[in-house]
Every structure is written in structure tokens, then in C-alpha cells.
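Asker: Give me coordinates for this.
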Amino acid sequence: MAMHIAIAGNIGSGKTTLTGLLAKHFGWEPHYEDVDSNPYLASFYEDMQRWSFNLQIYFLNSRFRQIVELRKKKKTVIQDRTIYEDAYIFAPNLHAMNLMSTRDFENYSSLFELMNSFIQSPDLLVYLRASVPTLVNQIQKRGREYENSIRLDYLKSLNERYEKWIKSYKDGKLLIVDVDNISFTDNPEDLGNIIERINAELHGLF
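Answerer: Below is the predicted model:
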């Protein structure tokens, strides 16, 4: 049976890496966040107030399109980041930090609500929980130039919103992975443990 698995988590939590590792292990088709070809991302980090609305609309469009495509496929897919994270975490956070006007935020929210009424939630959501020091460490390690200017208070407020969203998440199966004390990239045992937990969620314990 074709399923939709999604990986959620803050910037630097390891979503893209885990998506690749799980796709390889299970033979799932990976769908990655559109980072490299995103025409707004670098501009956004240079001037968040000017580009926040454009960036969020771009992400909303690209993720809605992705979900529509995913559901057409007859194979199991794994998605790096969800449409919900933009709507419940990133956009409200930009609005709260006065980096997106109320007018733009309301316009954005209205568009998301409409799109959300047309889509199904993932069969399993895997949330990567990480503290700010872990996020900073991983962001520095991958060395994307435009991410150098990300502020600690920005990451912290995103983390708080993630926790709030996950606490109230009722749209489907949820698996929380604490990434502070594990390394699924370097330690096969840690990855194996996550794989076992995903199997248990998707297929039950036999």
C-alpha cells in the first residue's frame, strides 16, 4: 500500500539527512525541500521583513504542488518538511517578530486554509526534536553561507512553536525522535532504532 511519510523539524535538525537514509533503507521515493533552486531564500536572510511574504508564498505553492503529486503516485514517498510547518510555525513566527505585516499574514493564512481543505495529512509524521545548541552545531557543519546570519532567538522561537504544534497534532500517526543525544548519520545503531520505531508505527508490532 502506498503511503506518505513526512519528516518535520527545525532548521538544522537533520530532516534532509534522515529522509535520504530512510528512503535508501525502505526503498521509498524521497521528496526534498526546494532549497537550492529557491529564488527567495538568500534574499530573505538578508532582509527578512522585505522578503518574508514572498518566501512563504513560494514554499506554500511548492509544498502544495508536491503533495498533489505525491498522492497521484502509487508508491510510498517520504517528504522532507511539511506544508503545516510553514503555516503553523514559520509564518506566524515571522508575523510575531514583526517581519511580516498583519495584512500579508492574513492573506497567507487564508490561502493555506483553502489549500489545506484539499489535502490529506501524512500517514506518519516523524518529528525531529533538537535543542538550539544542536541546531546551531548542525547548521555550522553544513556551512550554507546564507544561514550564517540566522539568529539564536529566531531558532529558539521556532523551537517553541514546533513543540506547541506537536503537542496538539492530531492529524495522524506521530513519532518523536530526540536528536540531541543520537547520531543517525554516524551510528548505525541509532538509525536502526529509528527504523524499528517507524516499522512499529506503520505495521504494528507482530
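Asker: for this structure, what's the longest helix?
Answerer: Identified as the longest helix of the chain according to DSSP state H is helix 48-72.
Asker: helices or strands up against it?
Answerer: Helices and strands touching helix 48-72, by 3 or more CB pairs under 8 Å, 6 or more residues apart in numbering; DSSP states H and E, are strand 4-9, helix 41-46, strand 77-80, helix 83-85, helix 91-96, helix 102-116. Bear in mind the C-beta positions are built from the backbone N, C-alpha and C, glycine included.
Asker: okay, which residue is most central for this protein?
Answerer: Residue closest to the average C-alpha location in the chain (CA atoms, centre = their mean): Arg81, at 2.5 Å.
Asker: host element of the nearest residue to it once chain neighbours are set aside?
Answerer: What sits nearest to Arg81 in space, not counting adjacent residues and going by CB to CB, 6 or more residues apart in numbering, is Glu33, at 4.8 Å. Using DSSP states H and E, Glu33 is not contained in any helix or strand.
Asker: For Ala8, see how far away Glu33 is.
Answerer: 11 Å (CB to CB, to the nearest Å).
Asker: Comparing the two, which residue is more hemmed in?
Answerer: Shown here are Glu33 and Ala8; by other CB atoms under 10 Å, Ala8 has more neighbours (25 against 19).
Asker: And the pLDDT for the more buried one?
Answerer: Predicted confidence (pLDDT) for Ala8: 97.
Asker: Return the residues in contact with it.
Answerer: 15, 81-82, 84-85, 125-128, 162, 166 (CB atoms under 8 Å, 6 or more residues apart in numbering).
Asker: Likewise for Leu174?
Answerer: 124-125, 127, 166.
Asker: Same question for Tyr108.
Answerer: Contacts of Tyr108 by CB under 8 Å, 6+ apart are 53, 56-57, 60, 87, 91, 100.
Asker: Now with 7 Å, please.
Answerer: 53, 56-57, 91 (CB atoms under 7 Å, 6 or more residues apart in numbering).
Asker: now do Asp86
Answerer: 56, 59-60, 63.
Asker: In space, what's closest to it - neighbours in sequence excluded?
Answerer: Asp86 sits nearest to Phe59 (CB to CB, 6+ apart), 4.9 Å away.
Asker: what does Ile166 give?
Answerer: Using CB to CB, 6+ apart, the nearest residue to Ile166 is Tyr127, at 5.3 Å.
Asker: Then Ser183?
Answerer: In space, Ser183 is closest to Asp190, 5.8 Å off (CB to CB, 6+ apart).
Asker: could you check the angle strand 4-9 makes with the helix or strand that neighbour falls within?
Answerer: According to DSSP H and E, Asp190 maps onto helix 188-203. Orientation check (axes from the mean of the first three to the mean of the last three CA atoms, to 10 degrees): helix 188-203 against strand 4-9 gives 130 degrees.
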